[in-house]
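# Sequence plus predicted model, see below.
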Amino acid sequence: PVEAKIAPSMLSSDFANLASEAQRMLTFGADWLHMDIMDGYVPGFAKAILLLFLFHFVPNLTIGAPVIESLRKHTKAYLDCHLMVTNPLDYVDQFGKAGASGFTFHVEVSKDNWQELVKQIKSKGMRPGVALKPQTPVEEVFPLLEGEDPVEMVLVMTVEPGFGGQKFMPDMMNKVRTLREKYPTLDIEVDGGLGPSTIDTAAAAGANCIVAGSSVFGAPEPAQVISLLRKSVIK
Ligand code: DX5
Ligand code: ZN
């Protein structure tokens, strides 16, 4: 019922050679390219004060729509954009124009406007997805999977968002199992710490879209890792 989608996270690539890095991953057998959009962060005391009205989502800055637009000129690949930002609605239009394929926003910052968000994302020709941080209960995405305009993918974070190269959190598999039981054909993506040593756990729980950054880019033979990840999802 669900297809395996292997999505190397371009966060682990050489940003200065993004087009050739993307092409390399596609040649190695990648289905999607995972693009991590992060908005930076205000730390410590300042954060406590600013939290209520202008806090940011993650402690890192990565890429924005201009980079997606540039990359789009070099590839027809599915660009799986994961927006770790506090105000996703503000970015829908620019990512649509830039050529994003999937637009995955975080449930933690869209409780009040997800219906509007999903509508806008679809109207710009993108595929809507919702992501949840490790501390967020899976029940919070249920409403987004019901009704006339549901999201088409759920991204279960298996590390705290912000950086590549962190350790996979196996406890998150309860969320994946719950989603898979309830939604047999849903695209369920796992993101963070996926690689040869964790893929079986994720696949057994029911994940079919696999983001992998450091395990793919850091491998001597990335093609072998991509093919192993795919076989583990399908078997
Ligand atoms: C983390 C990002 C991930 C990250 C995964 O905030 O959402 O996509 O690049 O990297 P690895 O696979 O190295 O954990
Ligand atoms: Zn991601």
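Sure, I can see it. Ligands and ions are numbered 1, 2, ... in the order given.
# for the top helix by length along the chain, packing partners?
When the chain is parsed with DSSP state H, its longest helix is helix 222-234. Judged by 3 or more C-beta pairs under 8 Å, 6 or more residues apart in numbering; DSSP states H and E, helix 222-234 is in contact with strand 5-8, helix 18-27, helix 199-205, strand 209-212, helix 214-217. Glycine gets a C-beta too; all of them are placed from N, C-alpha and C.
# Turn those into a markdown table, columns for mean neighbour count.
Below are those laid out as a markdown table (neighbours: other C-beta atoms under 10 Å):
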| stretch | mean neighbour count |
| --- | --- |
| strand 5-8 | 27 |
| helix 18-27 | 17 |
| helix 199-205 | 19 |
| strand 209-212 | 29 |
| helix 214-217 | 23 |
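# Contact residues of this structure facing ligand 2?
Proximity of the chain to ligand 2 (C-beta under 5 Å from the ion) is limited to residues 36, 82, 191.
# residues near the last one, how many?
Right, the one you point to is residue 191. 27 (other C-beta atoms under 10 Å).
# mind checking how far it is from residue 7?
From residue 191 over to residue 7 the distance is 8 Å, taken as C-beta to C-beta, to the nearest Å.
# Between these two, which contacts overlap?
Both residue 191 and residue 7 are contacted by 34, 211, under the criterion C-beta atoms under 8 Å, 6 or more residues apart in numbering.
# do whatever helix or strand residue 129 lives in and ligand 1 meet?
Secondary-structure element containing residue 129, defined by DSSP states H and E: strand 127-132. No - Strand 127-132 stays clear of ligand 1 (C-beta under 6 Å from any ligand atom), getting no nearer than 8.2 Å.
# Would you mind identifying the helix or strand in the protein with the lowest mean pLDDT?
Sorting the helices and strands of the chain by mean pLDDT, DSSP states H and E puts helix 44-54 at the bottom, at a mean of 58.
# hang on, isn't residue 6 packed against residue 29?
Yes - the criterion here is C-beta atoms under 8 Å, and residue 6 meets it with residue 29 at 7.0 Å.
# Identify the contacts common to those two.
With C-beta under 8 Å, 6+ apart, residue 6 and residue 29 have common neighbours 226, 230.
# what does the protein put close to ligand 1?
Residues of the chain lying near ligand 1 by C-beta under 6 Å from any ligand atom: 9, 11-12, 34, 36, 82, 159, 161-162, 164-166, 191-194, 211-215.
# try 5 Å this time
For the chain, the contact set with ligand 1 under C-beta under 5 Å from any ligand atom comprises 9, 11, 36, 161, 164-165, 191-193, 211-214.
# What is the lowest-pLDDT residue among those?
Ranked by pLDDT, the residues of the chain next to ligand 1 bottom out at residue 161 (92).
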